[in-house]
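1. following is a predicted model, sequence given first.
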Amino acid sequence: MDNVLSIFKREFRSYFDSPVAYIVLMFFLLVSGYFFTSNLFLMNQANLRTLFGIVPLLYVLFIPAISMRLLAEEKKSGTIELLFTYPLRDSEIVVGKYLAALAMIFVLLLFTFVYPLAVSTLGDLDGGQVVTGYIGLFFLGAAYLAIGMFASSITENQIVAFIVALAISFFFFILDKILFFVPPSLASIMEYLAIEYHFQNIARGVIDSRNLIYFFSMIFIGLLLASHALSRRKGD
C-alpha cells in the first residue's frame, strides 16, 4: 500500500507541475459551461439534465487526454525501466497511476459543482438526483480511465494511446444508440454492454447492483490488462 501511495503522490503532483491539468480543466469547464449556460438561460430551464447529458460525451474526448501519458510517457522516456528496478509489483505501478488520474477526474468534477449551486439559487433542485448524477459521473469516468490505462500500457506513443482509448471509449459510448440496427436477439446484450446505459440508470437514482458490477468489472479488466501488458514488457 505504501508503494501505491508513493506512486499516486508522484503522479498526481506531475499533473500540476506541467500544463496538462490546467489545459484539460480549462477546456472541459469551457465546453461544459457553454452547454450548461445555454440550457439555463436560452431555454430557461433550471436543471442539470444538460450537464449530465454532455459530460459523458466530453469524457470520451477528455479522459483519453488525461490517461494517454500514464504509462506511454514512462516507456518512451525510459523511466519505466527505472521503476522496474524498485521493489514494485506491476499492479502497484498501474493502481498508483490509475488512482492519481482518478483523483484528477475528481478535481475536474469538483469544479463543475458550481453548476448545481447556480441552479439551486434559481429554482428548486432535487438534491438526491444531483448526488446520484455525480456518483454516476464518477463511476463513468473511472471506467473510461481504466480503458485509457490499458491503451497507454500497450504503446510508447501518447498519440497512439489517445486514439486507441478514444476508439474503445466511443465504441462503448455508442452501443445503446445503434440498437435499432441490430437484431432483437442481440439488442439486450448490446444494451448491457453500453456504458452510458448504466450511467443513466444511476443518474436517475437507480443504483442497482448490476450497474455497479458493470463498472467495477470494466475497471478491473482494464487495470488487469494494463498490468499484464506491463509484465510482458518487463519480461522482454
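-> Here it is on my side, so go on.
2. helices of the protein, start to end?
-> Using DSSP state H, the helices of the chain run over 2-17, 20-37, 49-67, 72-77, 79-85, 90-112, 114-122, 127-153, 158-174, 184-193, 195-203, 209-235.
3. in this protein, where is pLDDT below threshold?
-> 39-47, 78, 80-86, 123, 233-236 (pLDDT under 70).
4. re earlier: for the helices of the chain, give me JSON lines that also has mean neighbour count.
-> Backbone N, C-alpha and C define where each C-beta goes, glycine included. Listed next are these as JSON lines, based on neighbours: other Cβ atoms under 10 Å:
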{"stretch": "helix 2-17", "mean neighbour count": "15"}
{"stretch": "helix 20-37", "mean neighbour count": "15"}
{"stretch": "helix 49-67", "mean neighbour count": "21"}
{"stretch": "helix 72-77", "mean neighbour count": "18"}
{"stretch": "helix 79-85", "mean neighbour count": "13"}
{"stretch": "helix 90-112", "mean neighbour count": "20"}
{"stretch": "helix 114-122", "mean neighbour count": "15"}
{"stretch": "helix 127-153", "mean neighbour count": "23"}
{"stretch": "helix 158-174", "mean neighbour count": "18"}
{"stretch": "helix 184-193", "mean neighbour count": "12"}
{"stretch": "helix 195-203", "mean neighbour count": "22"}
{"stretch": "helix 209-235", "mean neighbour count": "16"}
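5. what's near enough to touch the residue most central in space within the chain?
-> Centroid-nearest residue in the chain, with Cα atoms, centre = their mean: residue 141, separated by 2.6 Å. Residue 141 makes contact with 59, 63, 102, 105, 109, according to Cβ atoms under 8 Å, 6 or more residues apart in numbering.
6. if we go to 6 Å?
-> Residue 141 sits next to 59, 105 when contact means Cβ atoms under 6 Å, 6 or more residues apart in numbering.
7. relative to residue 112, how far out is it?
-> Distance of residue 141 to residue 112, given as Cβ to Cβ, to the nearest Å: 11 Å.
8. likewise residue 100?
-> Applying Cβ to Cβ, the value for residue 100 to residue 112 is 20 Å.
9. how about residue 220?
-> Taken as Cβ to Cβ, the span from residue 220 to residue 112 is 27 Å.
10. got it, and residue 62?
-> Distance, residue 62 to residue 112, using Cβ to Cβ: 12 Å.
11. same check on residue 166?
-> From residue 166 across to residue 112, the span is 22 Å (Cβ to Cβ).
12. cool, thanks, talk later.
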